[in-house]
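>>> Have a look at this fold, sequence not included:
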């Protein structure tokens, strides 16, 4: 139930700036304990998990819409498009623009 609660909170708040401290407080845990417990259950830190979810959502937008990259970055919770591009490239090996060209439906 703990991991499910965390995944739900992180999934619901993809675009929100919710900190691990806020999550821990809402679940009644200390932030270090929560992070360690979440990582043990999922293999990822809460931040890495949220980034993975955001980037997966961005991949869907890139495949299925013509929205500008900056708008997609904002829709999935990134205010800084350069940071979004770096994370996206690290995960996928290509920029969002290259990903779109290769995967457009």
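Sure, I can see it. Treat the numbers as computed from the prediction; the structure is a model and nothing was measured.

>>> tell me what the longest helix along the chain is packed against?
Criterion DSSP state H: the longest helix present in the chain is helix 46-64. When contacts are defined as 3 or more C-beta pairs under 8 Å, 6 or more residues apart in numbering; DSSP states H and E, helix 46-64 sits against helix 2-12, helix 20-27, helix 31-42, helix 69-75, helix 81-92, helix 96-103. (Each C-beta comes from the backbone N, C-alpha and C, glycine too.)

>>> any idea which helix or strand of this protein has the worst average confidence?
helix 2-12 (a mean of 68; mean pLDDT, DSSP states H and E).

>>> re earlier: list the buried ones in the longest helix of the chain?
46, 49, 50, 51, 53, 54, 55, 57, 58, 59, 61, 62 (16 or more other C-beta atoms under 10 Å).

>>> Report the secondary structure state of residue 78.
Under the three-state scheme (DSSP: H, G, I helix; E, B strand; the rest coil), residue 78 adopts coil.

>>> Show me where the protein dips below the pLDDT cut-off.
Filtered on pLDDT under 70, the chain yields the residue ranges 1-3, 9-16, 105.

>>> Nearest to the middle of it, which residue? Look it up for me.
residue 51 (2.5 Å; C-alpha atoms, centre = their mean).

>>> My guess is it contacts residue 86. True?
No: between residue 51 and residue 86 there is no contact under C-beta atoms under 8 Å: 10.9 Å.
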